[in-house]
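K.L.:
sequence and computational prediction follow.
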Amino acid sequence: MGTIVRVELHRRRVGGWVVALDDVPPDRPLKPIAKVTGDGPAPELVDLSRWASWRWAGRTAVFLRTASPPRVVRTRVDAVAAPGPGAAHPVEVRRVPPAADLLPLVRDAAGSGEALVLAPNHAMATSLAGRLRTEGVATALLPDDWSRATSGGCVAIGTRAAAWAPRPRLDAVLVLDEHDEAYQEERAPTWHARDVAVERARRAGAPCTLVSPCPSLEALDAGALITPTRADERAGWPIVEVVDRRREPPGLGLFSERLVTVARHAQRVVCVLNRKGRARLLACVACGELVRCEACGAAMQQDGEGLRCTRCGTTRPSVCAACGSARLKTLRMGVTRAAEELEALVRRPVAEVTADGASKQRAPILVGTEAVLHRVRSADVVVFLDLDQELLAPRYRAAEQAMALLARAARLVGGRAGGGRLLLQTRLPDHEVISAAVHADPDRLIAPERARRAQLRFPPVTAMAMVSGEAAGAYVDTLRALSAQGTVTGLEILGPADGRWLVRAPDHERLCDALAMAPRPTGRLRVNVDPSR
């Protein structure tokens with residue numbers, strides 16, 4: 001089981017996996033195997049792939065491909081036979097402050113035997129693997145060390161796809177920064193590495209630990225929470241300074257007086273603004289009309305010497321379509337304009353950093369989208385120029401995602417003893433996210449966030465899937481028919497809105513059963529189970 005083979009179908013060789021072995025004679029002639037390509041996923045991962053295809057409404061082949069080696073492996077390394085599942089271990093959720101060193105947790109997992117460690121990004125995985133090897137711990141860094149992870153006798157470390165890493169047996173599972181969005185696949189099926197790791201540990205009877213400075217509600221529902229002492233947690237968060245923009249005189253724009261003072265004197269300043277470009281919202285000085293696209297009506301932004309629509313890509317000169325005036329004012333600037341204005345204001349070099357590219361990262365001041373938090377290793381001050389944009393984002397996970405950004409920024413500046421600080425510019429100083437960061441107490445966010453989700457019936461209170469695509473209407477009609485017939489119960493369908501439907505159920509078992517029962521119509525169809533946004 002799991003071997004990758006090729007079979008000739010319609011005069012072409014098609015790749016596949018051996019997913020079952022049966023001694024019963026078939027009721028039809030079978031095609032001979034044309035070629036054995038190499039080793040693939042172990043039998044337990046084949047079974048796990050079937051479960052994942054049900055859990056995230058996708059094809060089993062997608063998960064089998066993820067569980068296969070990146071390069072051809074023709075000789076499976078002899079490994080110790082995996083024992084049967086042991087006694088079930090409860091999932092443990094461990095909250096650690098952002099500045100805490102994660103190596104002791106990884107070292108403890110490695111000491112348990114055949115451990116599997118997941119990290120949210122390759123940089124963290126590589127760093128931890130290197131430190132373990134320095135201490136003499138045998139380590140397999142995935143995906144390159146696939147064969148070594150198969151042979152065992154080491155700890156396997158990797159990113160999202162490492163949830164499917166080969167292990168001769170599974171003694172411990174550790175998921176670092178389980179709240180990170182990088183663990184969820186953006187393409188359908190939108191599987192989540194944390195949930196795969198939890199299920200895999202459950203099947204193997206291995207302990208599973210989820211680690212985060214701000215655990216998600218899904219993690220808190222999965223296991224018991226273990227918190228550090230209040231003194232240790234406060235020491236692991238930096239000083240958080242809140243700038244209340246409501247009390248400032250008008251005309252300061254995006255830059256408060258406190259920010260200007262900090263930017264002039266701090267050695268390394270990182271400013272976060274999740275808006276790319278020069279200006280994301282413009283208005284005409286003469287008539288006051290918003291600058292919008294004539295084709296689709298969306299807001300246009302400055303792009304070089306002209307205007308460009310962010311939705312359909314239409315361009316035009318920088319003139320008002322209503323009155324023809326060329327005098328436009330910025331209502332909501334992007335990182336390019338913010339970097340230019342801040343440089344003129346503080347008279348220090350300022351560089352722009354976005355996910356598309358980076359320039360002059362050695363400049364003392366960096367302004368960028370949240371990508372800047374992943375591009376630099378350390379900073380003295382991290383400033384959120386417009387935190388309200390994150391707190392008020394039209395996403396049901398907005399509060400959790402804002403807290404995750406603050407935790408990531410806190411990791412850059414270090415703990416309280418190092419003197420680093422977070423500077424939060426906001427008009428919502430009493431928001432629970434800000435209160436949680438100021439007091440270094442994520443519990444201040446959990447209760448109101450859980451109550452809000454319960455009132456709106458959003459996950460994890462319910463299970464939810466987003467359905468879109470040209471065939472979505474027919475697929476949703478089939479789901480409605482199944483619900484009307486009583487084949488599935490508790491199903492709720494909302495929409496359409498912008499060509500998308502929300503399908504909701506009391507739990508994943510009923511939701512995934514309904515999605516599996518409905519035959520898929522011809523045409524493009526995307527089913528996003530557990531949408532993050």
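P.N.:
Perfect, thanks for sending it.

K.L.:
domain ranges for the protein?
P.N.:
Using automatic domain parsing, the domain ranges for the chain come out as 4-66, 92-231, 238-277+334-453, 284-330, 463-529.

K.L.:
quick one: closest of these to residue 72.
P.N.:
The closest of the domains of the chain to residue 72 is domain 4-66. By Cβ to Cβ, the value is 4.3 Å. Placement of C-beta: from N, CA and C, glycine included.

K.L.:
related to what we said a few turns ago, could I get the domains of the chain in a markdown table, plus columns for distance to residue 73 and mean pLDDT?
P.N.:
Output for those, formatted as a markdown table (distance: least, Cβ to Cβ, whole Å; pLDDT from 0 to 100):
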| stretch | distance to residue 73 | mean pLDDT |
| --- | --- | --- |
| domain 4-66 | 5 | 93 |
| domain 92-231 | 6 | 96 |
| domain 238-277+334-453 | 32 | 91 |
| domain 284-330 | 44 | 80 |
| domain 463-529 | 31 | 95 |
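
K.L.:
what about the helices in the stretch 1-150 of the chain?
P.N.:
For the stretch 1-150 of the chain, the helices defined by DSSP state H, counting those that start in this stretch occupy 43-55, 60-66, 103-110, 122-134, 146-151.

K.L.:
who are the packing partners of the fourth one?
P.N.:
This points to helix 122-134. helix 103-110, strand 139-141, strand 155-158 (3 or more Cβ pairs under 8 Å, 6 or more residues apart in numbering; DSSP states H and E).

K.L.:
let me know which of those is tucked in deepest.
P.N.:
Mean neighbour count (mean count of other Cβ atoms under 10 Å) peaks for strand 155-158 among the helices and strands packed on helix 122-134, with a mean of 28.

K.L.:
and the next helix or strand past that strand?
P.N.:
strand 172-176 (DSSP states H and E).

K.L.:
any idea how far apart the tips of stretch 143-163 sit?
P.N.:
End-to-end span of stretch 143-163 (Cα to Cα, to the nearest Å): 11 Å.

K.L.:
and it, which residues are buried?
P.N.:
143, 145-152, 154-163 (16 or more other Cβ atoms under 10 Å).

K.L.:
who's in contact with residue 260?
P.N.:
Going by Cβ atoms under 8 Å, 6 or more residues apart in numbering, residue 260 touches 345, 346.

K.L.:
look at it and tell me its secondary structure.
P.N.:
What DSSP: H, G, I helix; E, B strand; the rest coil gives for residue 260 is helix.

K.L.:
how about residue 482?
P.N.:
helix.

K.L.:
which residues touch it?
P.N.:
Counting by Cβ under 8 Å, 6+ apart, residue 482 has contacts 488, 491, 514, 517, 518.

K.L.:
pretty sure residue 417 is in contact with residue 235, am I right?
P.N.:
Yes. The pair residue 417 / residue 235 is scored as a contact, 6.5 Å apart, by Cβ atoms under 8 Å.

K.L.:
which of these two has more residues huddled nearby?
P.N.:
Using other Cβ atoms under 10 Å as the criterion, residue 417 and residue 235 rank with residue 235 on top: 17 against 10.

K.L.:
which residues touch that one?
P.N.:
97, 99, 415, 416, 417.

K.L.:
repeat that for residue 416.
P.N.:
Applying Cβ under 8 Å, 6+ apart, the residues contacting residue 416 are 234, 235, 236, 237, 238, 239.

K.L.:
so how far is residue 262 from it?
P.N.:
To residue 262, residue 416 is 17 Å away according to Cβ to Cβ, to the nearest Å.

K.L.:
one more: residue 472?
P.N.:
Distance from residue 472 to residue 262, by Cβ to Cβ: 49 Å.

K.L.:
then residue 248?
P.N.:
Residue 248 is 15 Å from residue 262, by Cβ to Cβ.

K.L.:
and the two? Which one has more around it.
P.N.:
Ranked by neighbour count (other Cβ under 10 Å), residue 248 and residue 262 place residue 262 first, with 21 against 14.

K.L.:
now that one. Nearest residue, chain neighbours left out?
P.N.:
residue 381 (5.6 Å; Cβ to Cβ, 6 or more residues apart in numbering).

K.L.:
could you do residue 440 as well?
P.N.:
Nearest non-adjacent residue to residue 440, counting by Cβ to Cβ, 6+ apart: residue 237, 3.7 Å away.

K.L.:
could you report the neighbour count for that neighbour?
P.N.:
Neighbours of residue 237 (other Cβ under 10 Å): 27.

K.L.:
that'll do, ta.
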